[in-house]
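J.: With the sequence up front, the predicted model follows.
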Amino acid sequence: MLPWLMERGEVPAAEVADRFKLTQDELKADLELVAMCGLPPFVDELIDVFIDEGTVFVGVPRLFTRPLRLNSVEAFELLTAGRAAMELPGADADGPLARGLAKLATALGEAADGEASVLVDLDRPPLTDAVVGAAERNERISVEYWSASSDELSERTITPHQVYADRGNWYVTASDERSGDVRTFRIDRIESIVASGVFDDERPADLPRPGEWFADGSVPRATMRFSPSARWVLERYPVDDIGEPDDQGRVIAVVPVATQRWLERVLVRLGQDVEVLEPASVAALGPSAAGRVLERYRRS
């Protein structure tokens, strides 16, 4: 956003928000954060940006007038992140990002024959391209979708809007006819797709950001304390907030609970490595589920 703004000097805030698909509040929050960034000692080397009477004003600090210097680790991280972005739907193989990555790879000493020293392969489920195509056309599709919570296949009619990868999985955010709301589906759980030939005229105005889970607060939360051996859960599943580790390496996290069955499985699997702090209504789910499993085992 900053280079784009610096080229123009001053731009109506509404135009900036529309250009970068932000709400006015999100734009204000981003620019307030940017205004606190700069070079040490952070006195006269801050980025000069502010909003006045609905217009964004941006100066060009010295930070952006000097060539960017990266150490080898920073350059490697940037190259890896950039190549991951090139795997996403809509990436232009001949666009500015691709050209910049090629220059960066040369600076890092990649072989002149073009063989990449850093390979990023985001394995796509077979139906990803079909879902991307439907999203581009704003076309309704009928899908057979496997639900992990119920272990059942169901037929859904959805209109895909955005496709993205998060934590190694591919997802589609879509308008779901059955619920009448926007839902997120894992593409590898879609068993089949049938195009309807029906195209929606409009897209929802406020789509969730890719990777932003349960932002509307409709899903209940649980506050839990995780031991070090159980913290893999916080990397695999969506989390609202993670606290600092205590002297035993345990952390307290706020976790969305999509279904009670999911939480029971997690609690049974982790056992004493996790403790539900609140709400009290779910604290007994783990022991209760473990008791049912034990009873079933005894009967078998």
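T.: Thanks, I have it. Numbers count the residues shown, from 1 in each chain.

J.: where exactly do the helices run in this structure?
T.: Applying DSSP state H to the chain gives helices spanning 2-8, 13-19, 24-34, 72-85, 96-107, 128-137, 232-236, 260-270, 285-299.

J.: closest to Val143 out of these?
T.: helix 128-137 (8.6 Å; CB to CB). Any C-beta I mention is one placed from the backbone N, CA and C, and that applies to glycine too.

J.: got the contact list for the closest one?
T.: Residues from elsewhere that reach helix 128-137, judged by CB atoms under 8 Å, 6 or more residues apart in numbering: 89-90, 139-141, 159-163, 170, 172, 174, 187, 190, 193, 195, 199.

J.: which of the residues in it are buried?
T.: Thr128, Ala130, Val131, Val132, Gly133, Ala134, Ala135 (16 or more other CB atoms under 10 Å).

J.: Then stretch 161-178?
T.: His161, Gln162, Val163, Tyr164, Ala165, Trp170, Tyr171, Val172, Thr173, Ala174, Ser175, Asp176.

J.: what about stretch 137-152, start to end distance?
T.: Stretch 137-152 stretches 29 Å from its first residue to its last (CA to CA, to the nearest Å).

J.: Check stretch 85-93 too.
T.: 11 Å.

J.: related to what we said a few turns ago, just put the helices of the chain in JSON lines and tack on distance to Val56 and mean pLDDT.
T.: As requested, the helices of the chain are exported to JSON lines (distance: least, CB to CB, whole Å; pLDDT from 0 to 100):
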{"stretch": "helix 2-8", "distance to Val56": "6", "mean pLDDT": "83"}
{"stretch": "helix 13-19", "distance to Val56": "5", "mean pLDDT": "92"}
{"stretch": "helix 24-34", "distance to Val56": "7", "mean pLDDT": "89"}
{"stretch": "helix 72-85", "distance to Val56": "26", "mean pLDDT": "83"}
{"stretch": "helix 96-107", "distance to Val56": "23", "mean pLDDT": "86"}
{"stretch": "helix 128-137", "distance to Val56": "30", "mean pLDDT": "90"}
{"stretch": "helix 232-236", "distance to Val56": "36", "mean pLDDT": "85"}
{"stretch": "helix 260-270", "distance to Val56": "43", "mean pLDDT": "86"}
{"stretch": "helix 285-299", "distance to Val56": "49", "mean pLDDT": "83"}
